[in-house]
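Q: Coordinates only, no sequence provided:
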Ligand SMILES: Nc1ncnc2c1ncn2[C@@H]1O[C@H](COP(=O)(O)OP(=O)(O)O)[C@@H](O)[C@H]1O
Ligand SMILES: [Mg+2]
């Protein structure tokens, strides 16, 4: 449905030229909820604005529904947009705010009313039909701005950090709400966020951006389990990194030795890019990445030693922050309620489920 190819945007002229978006390619399917995720300044908004036609691409193409959108002016792209700021008219009622944009489009008066009421019902805003925006909560105001985008019956919905102004609890509620609305309307949606947890929770697929480039694309769980770079491993979820020496390597798998003498077989090996190779300390030739739920605590004998720095009770699970010789930085281990509990300062042995780990290796191991 939406097909973006080699999309590039540069700002300014040499020597101050900035490549804000660097040859980004992606396809989004009809009805899909697709998220662009990445740290601030990585080019998410600029990519979205080019798709909306609010920013002209320096090069590359945008195809939508068989049409070359690169040359279609924004008002003819039939796109609904939702921003971080709700930008509602304070002196107009909820109904008037949503109906507003339909008038200049020559929609008949009766149809304006029926379409507006229909969208208000779908978003469970009908009760607030005659209220002014200032009398609504932040979440309700954001829903009005989504209603305003949907009332045009756009063929694509673009949302740029729509929840950034809401407090943490409401953000979680509203993201479920957005997902429900999106499913109900079955509309292709492109969502922008810097919040990895939000992206994981609501996306069919996501594209991870870094410094203007799309660095990984896939289903949230696949990117979490199989990060293609240290950046992806650390940006999405928590990544524990352990120094490792490679003993044997064959066809995508490796056998490694960890400090303390433990030997493990890792089914997944990823070669580091130039920029990330420096993260491997001189006394190692690879970094073993383990997620918090892929590590276990137990008796010290025969395991990597560590010391509990902090024990956090998360209700359903215990989270331990641990110092260990073998690790780069602190480790985070999450353990089920049923597992033995440890107090702060305790010495523990660390084991890992190597099946679930990824080995990040220097391009040419010594
Ligand atoms: N109109 C502009 N003029 C110059 N630089 C810009 C402009 N818009 C964005 N940028 C720069 O482009 C880069 C990407 O910005 P943006 O797409 O807003 O990132 P994100 O939405 O991921 O935070 C940033 O370095 C930003 O400062
Ligand atoms: Mg942005």
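A: Yes, it's here. Bear in mind the structure is a predicted one, so any value in this text is a computation, not a measurement. Numbers count the residues shown, from 1 in each chain. Ligands and ions are numbered 1, 2, ... in the order given.

Q: in the stretch 251-366 of the chain, which spans are helices?
A: Along the stretch 251-366 of the chain, the segments classed as helices by DSSP state H, counting those that start in this stretch run 274-277.

Q: what stretches of it score poorly on pLDDT?
A: Residues of the stretch 251-366 of the chain meeting the criterion pLDDT under 70: 365-366.

Q: now with 90?
A: 251-252, 259-262, 274-275, 300-303, 315-316, 337-339, 362-366 (pLDDT under 90).

Q: Any idea how many residues pack against the closest residue to ligand 1 within it?
A: As assessed by CB to the nearest ligand atom, ligand 1 sits closest to residue 275 within the stretch 251-366 of the chain, at 17.9 Å. For the C-beta atoms, the positions are set from N, CA and C on the backbone; glycine is no exception. Residue 275 has 12 neighbours, counted by other CB atoms under 10 Å.

Q: so who does it touch?
A: Not one residue lies near residue 275 by CB atoms under 8 Å, 6 or more residues apart in numbering.

Q: and the stretch 251-366 of the chain, which residues reach ligand 1?
A: For the stretch 251-366 of the chain, no residue is in contact with ligand 1 (CB under 6 Å from any ligand atom).

Q: Which parts of the stretch 251-366 of the chain are strands?
A: With DSSP state E, counting those that start in this stretch as the criterion, the stretch 251-366 of the chain has strands at 253-257, 263-266, 269-271, 286-290, 295-298, 304-313, 317-323, 331-336, 347-352, 358-361.

Q: Including mean neighbour count, could those strands go into TSV?
A: Compiled in TSV, those are given as follows (neighbours: other CB atoms under 10 Å):
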stretch	mean neighbour count
strand 253-257	19
strand 263-266	18
strand 269-271	18
strand 286-290	25
strand 295-298	19
strand 304-313	16
strand 317-323	18
strand 331-336	20
strand 347-352	19
strand 358-361	24
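
Q: Reformat the ones you listed as JSON lines; add distance to residue 123.
A: Shown next, in JSON lines, are these (distance: least, CB to CB, whole Å):
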{"stretch": "strand 253-257", "distance to residue 123": "50"}
{"stretch": "strand 263-266", "distance to residue 123": "48"}
{"stretch": "strand 269-271", "distance to residue 123": "43"}
{"stretch": "strand 286-290", "distance to residue 123": "41"}
{"stretch": "strand 295-298", "distance to residue 123": "43"}
{"stretch": "strand 304-313", "distance to residue 123": "37"}
{"stretch": "strand 317-323", "distance to residue 123": "35"}
{"stretch": "strand 331-336", "distance to residue 123": "36"}
{"stretch": "strand 347-352", "distance to residue 123": "46"}
{"stretch": "strand 358-361", "distance to residue 123": "41"}
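
Q: Can you check which of these gets nearest to residue 221?
A: strand 358-361 (14.0 Å; CB to CB).

Q: got the contact list for the closest residue to residue 225 other than its chain neighbours?
A: Leaving aside its sequence neighbours, residue 225 sits nearest to residue 356 (CB to CB, 6 or more residues apart in numbering; 7.2 Å). Going by CB under 8 Å, 6+ apart, residue 356 touches 225, 290, 291, 294.

Q: Drop the exposed ones from those residues and show what's left.
A: Buried residues within those, counting neighbours by 16 or more other CB atoms under 10 Å: 225, 290, 291, 294.

Q: Quick check: the farthest pair among those?
A: Pairwise distances across those peak at 11.7 Å for 225 and 290 (criterion: CB to CB).

Q: Quick check: which ranges of the stretch 101-250 of the chain have low pLDDT?
A: 101-107, 123, 152, 165-170, 249-250.

Q: the strands in it, which residues?
A: Under DSSP E, counting those that start in this stretch, the stretch 101-250 of the chain gives strands at 156-160, 189-193, 205-210, 213-218, 240-250.

Q: Now tabulate those strands in CSV and tack on distance to residue 68 and mean neighbour count.
A: Shown next, in CSV, are the strands of the stretch 101-250 of the chain (distance: least, CB to CB, whole Å; neighbours: other CB atoms under 10 Å):
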stretch, distance to residue 68, mean neighbour count
strand 156-160, 15, 23
strand 189-193, 18, 25
strand 205-210, 21, 23
strand 213-218, 21, 19
strand 240-250, 45, 19
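
Q: Switch those strands over to JSON lines; also include distance to residue 3.
A: Putting the strands of the stretch 101-250 of the chain into JSON lines (distance: least, CB to CB, whole Å) gives the following:
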{"stretch": "strand 156-160", "distance to residue 3": "12"}
{"stretch": "strand 189-193", "distance to residue 3": "13"}
{"stretch": "strand 205-210", "distance to residue 3": "13"}
{"stretch": "strand 213-218", "distance to residue 3": "13"}
{"stretch": "strand 240-250", "distance to residue 3": "37"}
